[in-house]
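Asks: Next comes the sequence, and after it the predicted model I'd like to discuss.
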Amino acid sequence: MNFGTKAIHAGQHPDPTTGAIMTPIYQTSTYVQESPGKHKGYEYARTQNPTRDALQANLAALENGKHGICYASGLGATDAILKLFKPGDEIIASSDLYGGTYRIMVRVFQEFGLKFKFVGLDNPANLEAALSPDTKMVWIETPTNPLLRLVDMAAISAITKARGLMLVVDNTFASPYLQNPLDQGADIVMHSVTKYLGGHSDTVMGAIILNDDALADRLRFIQNACGAVPGPQDCFLVLRGTKTLHVRMQRHCENALKIARYLSEHPKVGQVNYPGLESHPQHELAKRQMRDFGGMVSFELKGDSLPEAVRVMESFKVFSLGESLGGVESLCTHPASMTHASIPKEEREKNGLKDTLIRLSVGIEDAEDLIEDLRQAIV
């Protein structure tokens, strides 16, 4: 079954009671049992919910995985994965990654005895150099947030498999439409479903997709025991979102490439980060492991003037200044003070994230209007 057909149909069947083609919102906290322990597969809504089950099956299919597990947020999914480990275990993560991931690792789980190393994993040799006897898991983003660097998933997975390490890939920026990390050797795929999978800036959710049965059982136990589950209304909204994921992503990619090319030719723009540009240092890797190049672009103005960068962000009329990404509307974000403020300034700068960097989540509006907005703001 091809991607667009899976997006619309996988995990979803007409309601057996009424024939409703859309999965119903099972807005219930509990289920009536015929006798103690004798029920229809559902006991309590923290543990199971039919709307959530449909979404989990849908997301698993989109990622070519066997098991899908949804959480109340992307960080809820990250929290569950980190709970697989014990004090003294070491985790190596991309040095360029979402600020919330850095925060939960360093300011929460490090306090409980987990150890973290942040390494530039766009070069697989850096992983080899960073490994220690305590290393248990490698966490990567590709493309990275917000510098749009790529990590060679096949090369990294060859290293982790040779050493029996778990490999987790945050696939939020790409979405399953553009790449499937399980096919590249990842053990777990994580998504902030809030972003492209939901696609409409109206819900917060996370998800994990994997193939290993025993590991899925452990994660479901953690999900049920710790309770970071999404509600059925949110699951319904994301099911609506995934039905159009393929057509939305096509437009995101088309618009982002046009904008990246416009910015790369602008006399007042310096560095432009977008893997679809031939000038991107990993453009060939992007062509090899992605089906297209995504809807995220980041750039710096020449002169590295923070006041000028702020003025530009305040001048947009179509791009809205706000947190998050992946919705149908275009957003502009200042990573240093918003999405990545949790990372100390010296760490951000060491990784190449300047205070003047502007990140764009390119929506599905008419590209001509988005380019005109950039033209009038960057003067």
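Replies: Arrived safely, thanks for sending.

Asks: any idea which helix or strand comes after the lowest-mean-pLDDT helix or strand in the chain?
Replies: Lowest mean confidence among the helices and strands of the chain (mean pLDDT, DSSP states H and E): helix 345-350, at a mean of 87. Next along the chain after helix 345-350, taking DSSP states H and E as the criterion, comes strand 358-361.

Asks: in the first helix or strand past that following strand going along the chain, what counts as buried?
Replies: Remark: after strand 358-361, the chain's next helix or strand is helix 367-377, criterion DSSP H and E. Using 16 or more other Cβ atoms under 10 Å as the test for burial, helix 367-377 gives A367, L370, I371, D373, L374, A377. All C-beta atoms are positioned from the backbone trio N, CA, C, and that covers glycine.

Asks: Likewise for stretch 65-80?
Replies: Buried-residue list, stretch 65-80, by 16+ other Cβ under 10 Å: 65, 67-80.

Asks: and the longest helix seen in the chain, how far from the chain's centre?
Replies: Ranked by residue count and defined by DSSP state H, the top helix of the chain is helix 245-264. Centre-to-centre, helix 245-264 and its host chain are 18 Å apart (Cα atoms, centre = their mean, to the nearest Å).

Asks: Run through who's touching it.
Replies: Applying Cβ atoms under 8 Å, 6 or more residues apart in numbering, the contact partners of helix 245-264 are 3-4, 7, 62, 175-178, 196-197, 199, 269, 272, 274, 276-277, 279, 292-297, 299, 328, 360, 362-365, 367, 370-371, 374.

Asks: residues of that helix that come out buried?
Replies: Neighbour-count burial for helix 245-264 flags 245-246, 248-249, 251-264 (criterion: 16+ other Cβ under 10 Å).

Asks: okay, now the nearest residue to S29 once chain neighbours are set aside: neighbour count?
Replies: With sequence-adjacent residues excluded and distances taken as Cβ to Cβ, 6 or more residues apart in numbering, S29 is closest to A45, at 4.9 Å. A45 has 19 neighbours, counted by other Cβ atoms under 10 Å.

Asks: What of the one 4 residues further on?
Replies: Burial measure for N49: 25 neighbouring residues, criterion other Cβ under 10 Å.

Asks: contacting residues for it?
Replies: Going by Cβ under 8 Å, 6+ apart, N49 touches Y26, T28, Y42, V229, P232, C235.

Asks: Against D292, how distant is it?
Replies: N49 sits 34 Å away from D292, going by Cβ to Cβ, to the nearest Å.

Asks: returning to that earlier point: out of the contacts of helix 245-264, which end up buried?
Replies: So, of the contacts of helix 245-264, 3, 7, 62, 175-178, 196-197, 199, 269, 272, 274, 276-277, 292-297, 299, 360, 362-365, 367, 370-371, 374 end up buried under the neighbour-count rule (16+ other Cβ under 10 Å).

Asks: which residues touch G206?
Replies: Shown in contact with G206 (Cβ under 8 Å, 6+ apart): 70-78, 190-194.
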